[in-house]
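**Student:** Below are the sequence and a predicted model; questions follow.
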Amino acid sequence: MLKTIFRPRRPHFKLLLPSSGCTVAVQRTPTRREGRRLTYATNALAFAAPPPTQAHSTPPSLPQPGSPPEQFPPSALRHLKSLLKSFKETGQKSHALQAYEVSVNLAPLLSDRAYSHSATLQILSSDTPQIAIDHLRLSYELGVPLKFATFDCVCQKLASIDRWDLVLATVQEATDQGIPVNKVMLNWIAKVSLETKDYAQLQAILQEFSDHGVRPTRWTFHLMLTGAIRNRDLVRAEQVLQEMKNHGIPIDAKTHARIAEAYKNIGVDDTVEEHAVAALPELSPGLQVHVLNCLMRGHMDNKHVDRAVRLLSLFEPKSVEIIIEVMFGAGGVHRMADTTTQPYPQPLPNPPSPNASTFAIFMHHCSHQRNLSRALQLLQCMISQGVAPTDHTVKTLVQTCFSCGRTDLAVQLVAGTCKSGEANPRIHFDPIHPGRWPKQDFQVHVPGMSPSILVFNALLQGILPRQGVNGATHVIKLMGMNGIKPNERTLDLILCHLHFVDRAGPRTLFRQLYTLAGPDLQPTEKHLRIIARSIQRQEEYLLHGRGWDSLKSFVANRKVPEHRRTGTSGPFNRFAGLTLPIFRDYQKLAEPFLQHLESRDVKPDPETIALRIRHEAVIKMDMEAAAEVFQIMLARGITPNAYHYAALMEGYALQGDTDGAEKVLKTARSESVVPNVALYTIIITAYCRRGQPYKALQVFGKMVDEGIQPDVPSIDAVASAFYAVGHNRMAKKVLISLWPYIQPFPSRLRSLPVLELAWHLRSQHHRPRNTAVRTSNEERHGMHLKLVELMKEWQQVARTSEPVCWSEVKEELANEYTS
């Protein structure tokens, strides 16, 4: 069975060789007639919100609007914004008209469209860009409608700050003013659909083009293609390519670039990489770098450092020497030649130089290696080459400082990006860094940089493990001081912390999701998956127990009541077919989120499919069903990763089937999955359940010989193997002997019984395992109060109203203290 299951033959695109592309001229003919309302706008405004920002690479986008021809005096701009606010609240234009007529600076707005266009651009550059739409509307009401070029500039600016809801509102305003629907408008709608992950609307965009008698462009199909691949829907992607061909638009180098960019959502594919590299000579230097960055990021995510470094050979050699030195040490170029078995046959005719995202990819690797000096080395080299740092650079450095234990430097970096003056002195950062500040300032100068959600999310990620919910509340408060709203990633971090560290129950997680999500912050598949994982953890405890004593019965024979079981009756495209239990209304609470995802045709991502595999293998202990789900994933073209193989291995380990678990590990190796400490720990657990502690110790030794650093769970698993067969003295000896892999053994603990000693070891792990977490009512009430403070701060910063469909369920949660 293993041969047929674990030898994936993933489908891939059958693409033509790159051919020369074409450009399409856009002609706009504004009129004053009443515009037709677009179907999409009404449906999408309910949940339109910015998506998580890409961490390491930003694709080349539409040109940014130019600088205004005339500068509005600051006092006049303030006056104009005040008038626009009044117009928005009252809808009366008479007051604004009178103010325009008597003001020297505002009077030209009644006759000079170029002057009005300049004012629009200045409003977009202010701290309230959203009122630019009110300016467009007021100009129309006063009889001075602006041309569509201004609307396009507004869309570009709003897109650059991820305000996709406002982009959609701008397009709707253009149609309301009678501007004929054109290809640029419809492409903006397609872009909004892509970025807000409304794949159902994105699929229907061709019908919008047809309804308005507009011919779609290459950009239209590229947006549709990107959306299909991001949504893990290769069948739809093939259909898009065929539709593109039917419209007379051939596949070109940019098409291959788009596929390579989006494919990181599915996994590394050699065919996609081959086509993308072959297309590089026909791309612009900026797009060449973007494609290479996407490919390298995919390899780094899969721990294939050699393959990522191999792609560096396509850059200008001297510009990447320092990166190779950092990755391979002294003599890196020669060592790279030794480790690269299949170098690219020939370099690019005009090799590009790396940009800030390229350096950020390898700085991120330094963060995982906990090597701050190498990250700073890359930063210094980047600056010496004239590459300006970006907010991605600062974000990566903040993460690296936290991973290396330099909280002071991380907080100082974030403080350096904030506004100067009395509004944000360093004293506001004291609650999250009460200690001394470094004597020498550690700042990275980013031209024109303002406080960024990327940087603050990195700060939150570092503060949560150290200060918990209280620290998160202070970070959210700092966001509000700097005019930053939390996004989906912010909510991800908080829910993950509550689940993995604070061990919050599903009801507590649901309460946070209902309270913190809203129209401007969409619930995502990951949010729901965190809660489903918490429910799965409860089921696992009921079935298999927890702690060393549970290992003495090698085969679980407990039963879970039907109302507490997760089911698999739903269609696979709906959250991988998982149906949450009816226990404590879990199913009812999840339904609005599931309906939201289903309405947007969001397909299950690899992590959700891994959760389904784990349900079949660990909860139901049905390895054949788990193998079937694995095959469904392969048929969708998704690359299996360590999580998928770990779920299968856990199923075999629970049954004491060491051969099955080791065969899965062997298959994972053959599919280029780099074994890690978690996979070896599962093998150790398998021998533990089989009652073979010395075999478990041999596996531990093999792991160490391969250069894999042991962690707390792996040492705990080895010791538990001896305890399970009654060798308590040997279990204690193993704990003491292996403890130095984590930290020096505290001699004061030597006299403790083995179970207490194991408890102290687990306390050194940031995510304790195999321990039943029991909290008193007082502790739970304390956590509730902390979360209430967090929710209050969040709602004050976000300032959003909640969807009506959630209010009824949320009312039931309002006064609930138990988790």
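**Tutor:** Ah, there it is. Remember, predicted model here, so these are calculated numbers, not experimental data. Numbers count the residues shown, from 1 in each chain.

**Student:** Spatially nearest residue to P431 (excluding sequence neighbours)?
**Tutor:** Leaving aside its sequence neighbours, P431 sits nearest to H474 (CB to CB, 6 or more residues apart in numbering; 4.4 Å). (C-beta placed from N, C-alpha, C; glycine too.)

**Student:** Only the buried residues of the host helix or strand of the one you found, if you could.
**Tutor:** Here H474 sits within helix 453-481, counting by DSSP states H and E. Counting neighbours by 16 or more other CB atoms under 10 Å, one finds that the buried residues in helix 453-481 are 453-464, 467-469, 471-480.

**Student:** other SSEs contacting the following helix or strand past it?
**Tutor:** Proceeding C-terminally, helix 453-481 gives way to helix 488-500 as the next helix or strand, assigned by DSSP H and E. The helices and strands touching helix 488-500, judged by 3 or more CB pairs under 8 Å, 6 or more residues apart in numbering; DSSP states H and E, are helix 453-481, helix 506-516, helix 525-544.

**Student:** Recalculate using a threshold of 6 Å.
**Tutor:** Judged by 3 or more CB pairs under 6 Å, 6 or more residues apart in numbering; DSSP states H and E, the packing partners of helix 488-500 are helix 453-481, helix 525-544.

**Student:** what pLDDT does T31 get?
**Tutor:** On pLDDT, T31 comes in at 39.

**Student:** any idea whether A257 is helix, strand or coil?
**Tutor:** Under DSSP: H, G, I helix; E, B strand; the rest coil, A257 falls in the helix class.

**Student:** burial count for the closest residue to it other than its chain neighbours?
**Tutor:** Computed as CB to CB, 6+ apart, the closest residue to A257 that is not its neighbour in sequence is V291, at 4.8 Å. By other CB atoms under 10 Å, the residues close to V291 number 29.

**Student:** same for whichever strand or helix holds V291, what does it pack against?
**Tutor:** Assigned by DSSP H and E, V291 belongs to helix 285-301. With contacts defined as 3+ CB pairs under 6 Å, 6+ apart, helix 285-301 has these neighbours: helix 253-262, helix 305-311, helix 356-368.

**Student:** Please repeat the previous calculation with a cut-off of 10 Å.
**Tutor:** Contacts defined by 3 or more CB pairs under 10 Å, 6 or more residues apart in numbering; DSSP states H and E place helix 285-301 against helix 253-262, helix 270-279, helix 305-311, helix 356-368.

**Student:** got those as CSV, with distance to I432 columns?
**Tutor:** Formatted as CSV, the helices and strands packed on helix 285-301 follow (distance: least, CB to CB, whole Å):
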stretch, distance to I432
helix 253-262, 36
helix 270-279, 42
helix 305-311, 33
helix 356-368, 19
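
**Student:** rank those helices by pLDDT, which is bottom?
**Tutor:** Among the helices and strands packed on helix 285-301, helix 305-311 carries the lowest mean pLDDT, a mean of 89.

**Student:** what about the residue nearest to A257, distance to Y586?
**Tutor:** According to CB to CB, to the nearest Å, V291 and Y586 sit 43 Å apart.

**Student:** for L749, same thing?
**Tutor:** L749 is 40 Å from Y586, by CB to CB.

**Student:** who has more neighbours, those two?
**Tutor:** Using other CB under 10 Å, the more surrounded residue of L749 and Y586 is Y586, with 23 against 14.

**Student:** Might you report the residue contacts of the more buried one?
**Tutor:** Each residue near Y586 by CB atoms under 10 Å, 6 or more residues apart in numbering is listed here: 506-507, 510, 531-532, 534-535, 538, 563-564, 566, 579-580.

**Student:** That one sits in which helix or strand?
**Tutor:** helix 586-599.

**Student:** buried ones in that helix?
**Tutor:** So for helix 586-599, counting by 16+ other CB under 10 Å, buried means 586-587, 589-590, 592-594, 596-597.

**Student:** Pull the distance from the helix holding H474 to the chain's centre.
**Tutor:** Its chain's C-alpha centre and that of helix 453-481 lie 17 Å apart, by CA atoms, centre = their mean, to the nearest Å.

**Student:** can you offset everything so residue one is 27?
**Tutor:** Sounds good: first residue 27 from here, last item helix 479-507.

**Student:** Quick one: mean pLDDT for it?
**Tutor:** Here the average pLDDT along helix 479-507 is 95.

**Student:** and that helix, what other elements does it pack with?
**Tutor:** Checked by 3+ CB pairs under 10 Å, 6+ apart, helix 479-507 has helix 417-429, helix 433-443, helix 514-526, helix 803-824 packed alongside it.

**Student:** before we move on, the earlier item: how far out from the middle of the chain is the helix holding V317?
**Tutor:** Computed by CA atoms, centre = their mean, the chain-centroid distance of helix 311-327 equals 17 Å.

**Student:** Could you check the angle it makes with helix 279-288?
**Tutor:** Helix 311-327 and helix 279-288 are oriented at 30 degrees to each other (axes from the mean of the first three to the mean of the last three CA atoms, to 10 degrees).

**Student:** Now for the nearest residue to R590 once chain neighbours are set aside, how many residues are close by?
**Tutor:** The shortest distance from R590 to any non-neighbouring residue, by CB to CB, 6+ apart, is to F609 (4.5 Å). Residues within reach of F609, counting by other CB under 10 Å, total 18.

**Student:** so what's F609 up against?
**Tutor:** By CB under 10 Å, 6+ apart, the contact list for F609 reads 532, 561, 564-565, 586-592.

**Student:** which two in those are spaced the farthest apart?
**Tutor:** Distances among the contacts of F609 were taken as CB to CB; the most separated pair is P532 and E588, at 17.5 Å.

**Student:** Which residue of these two possesses the greater neighbour count?
**Tutor:** Using other CB under 10 Å, the more surrounded residue of P532 and E588 is P532, with 26 against 10.

**Student:** wouldn't that one be in contact with I557 here?
**Tutor:** Yes. Contact status for P532 versus I557: in contact at 5.4 Å, counting by CB atoms under 10 Å.

**Student:** can you list residues touching both of these two?
**Tutor:** 525, 606, 612, 615-616.

**Student:** Please tell me how far V655 sits from H570.
**Tutor:** Applying CB to CB, the value for V655 to H570 is 20 Å.

**Student:** of the two, who's got more company?
**Tutor:** V655 (24 against 19).

**Student:** which stretches of the stretch 477-626 of the chain have low pLDDT?
**Tutor:** Residues of the stretch 477-626 of the chain meeting the criterion pLDDT under 70: 578-583.

**Student:** actually the chain, not the one I wrote
**Tutor:** The low-confidence ranges in the chain, as defined by pLDDT under 70, are 27-98, 356-369, 371, 445-451, 465-467, 578-583, 792-801, 825-845.

**Student:** Now with 50, please.
**Tutor:** By pLDDT under 50, the weakly predicted segments of the chain are 27-95, 366-367, 447-450, 580-581, 794-799, 827-831, 841-845.

**Student:** Need the residue in it that's farthest from the chain's center.
**Tutor:** The C-alpha centroid of the chain is most remote from V128, which lies 50.9 Å away (CA atoms, centre = their mean).
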